[in-house]
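K.L.:
Give me a 3D structure for the following:
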Amino acid sequence: MATKAVQLLTVLTEIIEEEEEEGMDDEDHNNFLILGIAALSKTREVKRHRIEDYIQNTVPMYSPCVFKTFFRVSRSTFEMILENIATIDALKQRNPSAGRTQVPLEKDLLMTLWYVGSLETVRSISDRFDVSESTFYEHNRRMLNVFTDDLLHKFIQWPHTEIATVSDRFEQKKGFPDVVGAIDGTHIRIKSPTSEHAADYLNRKRYHSVVLQAVCREDMRFTDIYAGWPGRVHHARIFRNSPLFQKGQTLCGQCHLLGTTGRNDGCLLNNKAYWTSLYSSQYVY
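P.N.:
Next comes the predicted model:
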């Protein structure tokens, strides 16, 4: 790199000397100097400062609280996820005797959890986990596909055969009858979109987001999720457009969902006065 810089300076010097002999004016002289500085800046290699052995040396030192803050799950939950994805074909390691050094499955999972739990750039995350950006993109896409194609359907299931059990446990816990689930929406913060529709994602709390609608049972396990609508959209509209609304009567039967609105939407409780008096003091968490 230094050799290239010297060669470039030599060529520019010779050009300037030749032009000066022919009467180069001050403006042309300055332009050549600017060109030379710009060209030299391009020849300098920008060194990436990656964090080496972050997984091996730093992560094990995190306290349970710090680990959950960074990765948004507890260590025990992380180990459970790792165990469940270890046998998935899409993530199986190739023959280690050939090719580049493989990214361990633990590192793969930690990278994805960091990605979905923070607003850091891909470049920053790649440096933290000591991988190239192209490697991060490839592995992150593969892991997210596993989340949506495998883990989602395994862990988020409607309690079809447990409706009576769930309803009884809700009533035992909070005294509210015939509840098959608690429904609510939350905003997932995102970076401001660069498109002309950015304003659609600006929610009432004045930050950009997409909305996640979720239903949980009495022990706070999710039984249904629906995500992706812009943050500006009202939760009631999102509910009316969700698959849950279309199938609500079939899924709920004679029971209902407990939500934060008194509207008669599908299988939500339709007695607003009764609902308000009970719900105000009967949160399920």
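
K.L.:
E52: what secondary structure?
P.N.:
Assigned state for E52: coil (three-state reduction, DSSP: H, G, I helix; E, B strand; the rest coil).

K.L.:
need the contact list for it.
P.N.:
E52 makes contact with D130 under the criterion Cβ atoms under 8 Å, 6 or more residues apart in numbering. To be clear about C-beta, it is placed using only N, CA and C from the backbone, and glycine gets the same treatment.

K.L.:
Pop out the phi and psi values for it.
P.N.:
When read as degrees, to the nearest 10, the backbone of E52 gives phi -90, psi 140.

K.L.:
And it, how far from M61?
P.N.:
E52 sits 15 Å away from M61, taking Cβ to Cβ, to the nearest Å as the criterion.

K.L.:
in this structure, which spans are helices?
P.N.:
In the chain, the helices defined using DSSP state H lie at 2-21, 26-43, 64-71, 75-85, 105-117, 122-128, 133-146, 152-155, 163-174, 235-240, 243-252, 272-279.

K.L.:
what's the fifth one in contact with?
P.N.:
Residues outside helix 105-117 that contact it (Cβ under 8 Å, 6+ apart): 55, 59, 70-73, 78, 81-82, 85-86, 91, 93, 120, 122, 125, 128-129, 131, 136, 139-140, 142-144, 147.

K.L.:
Could I have the buried ones of the residues you listed as ChimeraX selection syntax?
P.N.:
In ChimeraX, a selection of the buried entries from the contacts of helix 105-117 looks like this (16 or more other Cβ atoms under 10 Å):
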select :55,59,71,73,78,81,85,91,125,128,129,131,136,139,140,143
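
K.L.:
and S126, how many neighbours?
P.N.:
Taking other Cβ atoms under 10 Å as the neighbour definition, S126 ends up with a count of 21.

K.L.:
my guess is it meets H139, correct?
P.N.:
No - because the distance of 10.4 Å does not satisfy Cβ atoms under 8 Å, S126 is recorded as not touching H139.

K.L.:
In the protein, where is pLDDT below threshold?
P.N.:
Per-residue confidence of the chain (counting by pLDDT under 70) places the weak regions at 1-49, 94-100, 261-285.
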